[in-house]
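Asker: here is my input, please return the structure:
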Amino acid sequence: MSDVYPPSTQERFAAQVLSYNSIYLEWNPSFDDIGVAGYRIFRDGVPIADTVETRFVDSSALPSVLNQYAVSAYDLAGNLSVPAFVTMATVPIPSYTDLQNKWLVSLDNGDNYTFDVLH
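Answerer: Numbers count the residues shown, from 1 in each chain. Predicted structure coming up:
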């Protein structure tokens, strides 16, 4: 039996600006007659990542650029759902003062923490 039906389109796809180069994306799960294998994330029509989660952080967004995101579910047969789009999100450019007063700590597990430097 071959799988010819694509997964359903994602619902409640939303974006939130986290920082000058990071945007948080989140959506509800898709459904498929055989099973959803993952989700493909697009920025401005170009695939940027695949994930099995229903959330993703794009930490390579360019500052002060409008970014349009889309997400499509795929199944093991490679069927891709109709993409869901999110309203474009702006990412502000940090000022020199903002950069000067921040300290970023990156852990081996991939977690990043930013601390304000108080003078």
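Asker: who touches the top strand by length along the chain?
Answerer: Secondary structure assigned by DSSP state E gives strand 66-75 as the longest strand of the chain. When contacts are defined by C-beta atoms under 8 Å, 6 or more residues apart in numbering, strand 66-75 is touched by residues 3, 6-10, 13, 15, 23, 25, 27, 30, 32, 34-45, 56, 58, 61, 80-86, 88-91. All C-beta atoms are positioned from the backbone trio N, CA, C, and that covers glycine.
Asker: inside strands: which ones of those?
Answerer: Applying DSSP E to these, the entries found in strands are 15, 23, 25, 36-43, 56, 58, 84-86, 88-90.
Asker: among those, name the buried ones.
Answerer: With burial judged by 16 or more other C-beta atoms under 10 Å, the buried subset of those is 15, 23, 25, 36-43, 56, 58, 84, 86, 89.
Asker: contacting residues around Pro92?
Answerer: Residues near Pro92 by C-beta under 8 Å, 6+ apart: 17, 20, 63-64.
Asker: go with 10 Å
Answerer: Each residue near Pro92 by C-beta atoms under 10 Å, 6 or more residues apart in numbering is listed here: 17, 19-20, 63-64, 98.
Asker: do Val36 as well
Answerer: By C-beta under 10 Å, 6+ apart, the residues touching Val36 are 6-8, 10, 29-30, 52, 54, 73-76, 81.
Asker: out of those residues, which one has the weakest pLDDT?
Answerer: The lowest pLDDT within the contacts of Val36 belongs to Gln10, with 87.
Asker: and that one, what does it touch?
Answerer: Going by C-beta under 10 Å, 6+ apart, Gln10 touches 26-30, 36, 39, 54, 70-73, 81-86.
Asker: now do 8 Å
Answerer: Contacts of Gln10 (C-beta under 8 Å, 6+ apart): 27-30, 39, 54, 71-73, 81, 84.
Asker: how about Thr51?
Answerer: Listed by C-beta under 8 Å, 6+ apart, the contact partners of Thr51 are 38-39, 41.
Asker: what about the residue lying closest to Glu11 once chain neighbours are set aside, how many residues nearby?
Answerer: Using C-beta to C-beta, 6 or more residues apart in numbering and skipping the chain neighbours, the partner closest in space to Glu11 is Asn28 (4.6 Å). Residues within reach of Asn28, counting by other C-beta atoms under 10 Å, total 13.
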